[in-house]
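# Provided below for reference: sequence and predicted model.
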Amino acid sequence: MKHVIAFVVLSLSLMWAGAANAGTYDDAMKTYLAAGQKIIDMVNSNKVDVGTVEKNVLVAVNAGIELAQAYAKKHPEGKAALDAVISNAANSDGTAVGNMSKLPFATIEADWHDAAYFSKNDLGVDLQDEDNEHYLDPIHTIVHPIMVLVAARDHAKDGNADSLKAMKAEMQEGMEQVEATTHVVNN
């Protein structure tokens, strides 16, 4: 009887631990979505403040980094690719966006969003291979907010409405990707 009770207690403990860990990354997703919504609300109001956008982008990027690092633990063969995105998107202590944000929008789109960077730099995983496309979700959770920041800066320079459209579209895509990434790391 002691063995049965011990087994039941152990089983319940493991079940509770699994349930507790299942939602571990929901807070990162919620943080990302809230920052993204603030950006979209700003775009919808036609009152874009680049400093405020940058603060919200940093929040989203840091949440995306947390999810990408968790993703790399589940799929370690893609860690080098995810680390390359992380190191280019934010400084090492997460207090500022990184060098990626200094690139033109089209360069970020080609190299980081569309994965040309990974074709030029062998990081151990071919992102053109359909079996590896799942890495694009955590990559995009980081890249899309950076694209939003660059579009906001472009809009501040020239007032072009296309930059506003790009901000909204890129943030919405990032928000979709963060949900997909969170699903993977939580399961």
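Perfect, I can see it now.

# For Tyr71, give me its contacts.
Gly78, Leu82, Tyr135, Asp137, Pro138, Thr181, Val184, Val185 (CB atoms under 8 Å, 6 or more residues apart in numbering). C-betas here are computed from N, CA, C, even on glycine.

# Does the fifth one touch Lys73 like I think?
No - counting by CB atoms under 8 Å, Pro138 sits too far from Lys73 to count as a contact (11.3 Å).

# Leaving out sequence neighbours, find the closest residue to Ala156.
Counting by CB to CB, 6 or more residues apart in numbering, the nearest residue to Ala156 once its immediate chain neighbours are dropped is Val50, at 5.0 Å.

# Report how many residues lie close to that neighbour.
15 (other CB atoms under 10 Å).

# cool, His183 as well?
His183, neighbours per other CB under 10 Å, totals 12.

# Then Ile146?
For Ile146, using other CB under 10 Å, the count is 31.

# What separation is there between the spatially most central residue of the chain and Asp158?
Residue closest to the mean C-alpha point of the chain, counted by CA atoms, centre = their mean, is Thr141 at 2.2 Å. Thr141 is 28 Å from Asp158, where distance means CB to CB, to the nearest Å.

# how about the helices of the chain, start to end?
Taking DSSP state H, the helices of the chain run over residues 2-22, 26-45, 50-74, 79-89, 105-108, 116-120, 136-158, 161-186.

# winner for burial among these?
For the helices of the chain, the largest average neighbour count (mean count of other CB atoms under 10 Å) is found in helix 136-158, namely a mean of 24.

# and it, what other elements does it pack with?
If contacts are counted by 3 or more CB pairs under 8 Å, 6 or more residues apart in numbering; DSSP states H and E, helix 136-158 sits against helix 26-45, helix 50-74, helix 79-89, helix 105-108, helix 161-186.
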